[in-house]
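Undergrad: Predicted structure and sequence below. I'll ask about it afterward.
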Amino acid sequence: MSTQEYRWTSGWVTFAAIVMFAVGFFRVLSGFSYLADSHKVNDFSSGFFGDNLWAWGLWDLVIAALALYAGYSLISNGQFGRIVAYIWGVVVIVNSFLIMRIAPWYAAVGIALAALVIYGLASTPDEPRST
């Protein structure tokens with residue numbers, strides 16, 4: 001009978017990985033809708049990329065790739081995923097405070113989700129336990 005070493009991963013790290021996967025998949029969908037030049041997209045003419053929806057699509061696909069790789073890295077106990085998840089959490093909290101007057105419930109949910117990801121990563125050790 002062979003014994004395999006089981007590497008324990010915290011539930012909080014798994015939660016953060018699932019959030020990163022969800023962010024990645026939703027950004028893939030929004031990136032493809034921008035690249036398709038969809039008529040359902042809001043007017044971004046005063047945004048960072050102007051009205052170039054292909055640039056917004058590429059931007060979303062880059063964010064999606066980073067988030068998906070970060071989720072994979074978190075599942076495999078990599079440091080890259082932890083760093084990206086921390087940065088994501090801070091950016092979401094700052095962004096949520098900026099949109100608090102426009103969409104208060106959306107902002108509150110964003111702050112709560114980002115705070116849970118940051119708490120989960122901060123409360124778990126970098127190295128997994130062996131059982």
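TA: That came in fine, so what should we check first?

Undergrad: What is the neighbour count of Ile99?
TA: 12 (other Cβ atoms under 10 Å). Bear in mind the C-beta positions are built from the backbone N, C-alpha and C, glycine included.

Undergrad: Next, the contact list for it, please.
TA: Residues in contact with Ile99 (Cβ atoms under 8 Å, 6 or more residues apart in numbering) are Tyr106, Ala107.

Undergrad: Look up the closest residue to the residue nearest in space to the middle of the chain, ignoring the ones flanking it.
TA: Residue closest to the mean C-alpha point of the chain, counted by Cα atoms, centre = their mean, is Met20 at 3.8 Å. Residue nearest to Met20 in three dimensions, not counting chain neighbours: Gly71, with 3.5 Å by Cβ to Cβ, 6 or more residues apart in numbering.

Undergrad: Residue ranges in this protein under the pLDDT threshold?
TA: Residue ranges of the chain with pLDDT under 70: 1-9, 37-52, 127-131.

Undergrad: Count residues in the vicinity of Tyr34, would you?
TA: Neighbour count for Tyr34, taken as other Cβ under 10 Å: 22.

Undergrad: what's the helix or strand for the residue nearest to Met20?
TA: Using DSSP states H and E, Gly71 sits within helix 53-75.

Undergrad: other SSEs contacting whichever helix or strand comes after that helix?
TA: Next helix or strand after helix 53-75 toward the C-terminus (DSSP H and E): helix 79-98. If you count contacts as 3 or more Cβ pairs under 8 Å, 6 or more residues apart in numbering; DSSP states H and E, helix 79-98 packs onto helix 11-35, helix 53-75, helix 104-122.
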